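1. the following comprises the amino acid sequence and a computationally predicted model.
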Amino acid sequence: MTFVPALVGLGAPHWKDRARAALTGLSLAPSAAINIPTASTGLNPVVTEPMLGILSASNGLVYFFDAESLVFLDADPATATVVDDATGNPVLSYTLPDGGLPSIIVGTGPVPATIKVADGAANNQTITITYQGVLPGLSGLPPGSGAAPFVKPAGTAWAEAETGDFIELASSNPACTGAAAELSVLSVGPNDLTANATVPAECEPLTSFSIRAGGVQPFMVLGTLDGYMGRVAPGSPSATCSNLKSDPPGDPSAGCFQFTGTYYAHPPSTTIGQPVPLQYALAFQMGALDLSMARDGAYSFSVLSHFSPLYLSVDATRFGTGYQLPGPSAFDYNLQRAYVSFPGANAIMEIALDQLAPNQANYLNLQPYR
């Protein structure tokens, strides 16, 4: 979609002196028959959209969306899920602190049966749950001076530090190793941390410090796309965890993890005009802690959003490079044909939407006019 400013009016095809701008590349197609891969359509995936939106994008694709509910049509009929094995159980991995893989998974980690993801909110990413890992943004922090060495640098995620966390000390002194190089957090203030002891002589001069997760919630949760998602404690058999934001949240200190996230698409179950179901983007319950688990050991699993906005692209190898950037579009209701301009080719492409090949380069059922 292109925004064309026009401070003194628009002159084509007819002069409009009061116009101040125009939006191009976006059109509406009432009662349009379009090929949409869905689980319900089976072998005949042509459905009629009451109001189809057609959007030309600068990445060379033409997207289609439901203009009534304002949501992209989804070319993937499946719902968000966790990658599972042949038996349908989520695949859970455990990585050793050195990055190696053990012969067996240490402890129980997140209980596979409790892992839930929300359609339209879960992202394609790997979730990593690290034991006593260094908290993001709290690594290699410069120390303060005098009696307050653990001060908050500007822009750090100080709120993620908790009582019982570990303060890892770094010094140019070679004696600063082992137990001498670590303190624990007694309290977290708005601008500094209080440690359980002063910096030992072995770690003077102190060059930097880092904060590791400890205390009640020694696990930190990271997503390859969402980044830092929060902290969680080992599980408690008596804990009850919720997967719905409308229910009372579970107790994080009892192993309940719930990440709100944001919706990027309305789930198929959404009723137009009604609120989106209030689900957590990711929720699970941790199992009991295995005391043999090593610091920086990590559990991981992968999430699939199964959301793929429906689009069409023109096969430039068949039609030429001028068809790589679509422009304004239109729709003929009687012929049930979409027309997309390609300025680089000085052409208009006629598209049979009911015969398009979703989410791939098309060359059949297209007719260029130059």
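-> Looks like it came in fine.

2. domain map for the protein?
-> 2-76+309-369, 80-133+213-307, 158-210 (automatic domain parsing).

3. to K152, which of these lies closest?
-> K152 sits nearest to domain 158-210 of all the domains of the chain, at 4.8 Å, using CB to CB. (Glycine included, C-beta is placed from N, CA and C.)

4. quick check: end-to-end length of the closest one?
-> Domain 158-210 has an end-to-end distance of 12 Å (CA to CA, to the nearest Å).

5. and the helices in the stretch 251-370 of the chain, which stretches?
-> Applying DSSP state H, counting those that start in this stretch to the stretch 251-370 of the chain gives helices spanning 316-319.

6. where does the prediction get shaky in it?
-> The model of the stretch 251-370 of the chain has pLDDT under 70 over residues 267-277.

7. about what we covered before: let me have the domains of the chain in TSV, extended by mean neighbour count.
-> Formatted as TSV, the domains of the chain follow (neighbours: other CB atoms under 10 Å):
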stretch	mean neighbour count
domain 2-76+309-369	16
domain 80-133+213-307	17
domain 158-210	16
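
8. I'd like those domains laid out as JSON lines, including distance to G140.
-> Listed next are these as JSON lines, based on distance: least, CB to CB, whole Å:
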{"stretch": "domain 2-76+309-369", "distance to G140": "38"}
{"stretch": "domain 80-133+213-307", "distance to G140": "14"}
{"stretch": "domain 158-210", "distance to G140": "5"}
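
9. so which of those comes closest to P143?
-> Checking those against P143 by CB to CB gives domain 158-210 as the closest, at 4.6 Å.

10. so which residue is dead centre in the chain?
-> Central residue of the chain (CA atoms, centre = their mean): N123, 3.7 Å from the mean position.

11. and V111, what does it touch?
-> Contacts for V111 (CB atoms under 8 Å, 6 or more residues apart in numbering) come out as G235, F284, Q285, M286, G287.

12. quick check: phi and psi at the last one.
-> Just to be clear, that refers to G287. The phi/psi pair for G287 (degrees, to the nearest 10) reads phi -80, psi -180.

13. pretty sure it contacts A254?
-> No. G287 is beyond contact range of A254, at 11.8 Å (criterion: CB atoms under 8 Å).

14. would you check how far apart the nearest residue to Y299 once chain neighbours are set aside and M286 are?
-> Leaving aside its chain neighbours, Y299 sits nearest to G109 (3.6 Å; criterion: CB to CB, 6 or more residues apart in numbering). From G109 across to M286, the span is 7 Å (CB to CB, to the nearest Å).

15. mutual contacts of these two, please.
-> Both G109 and M286 are in contact with I129, where contact means CB under 8 Å, 6+ apart.

16. coming back round to it: in this structure the residue nearest to the centre of the chain contacts V303, no?
-> Yes. Using CB under 8 Å, N123 makes contact with V303 at a distance of 6.7 Å.
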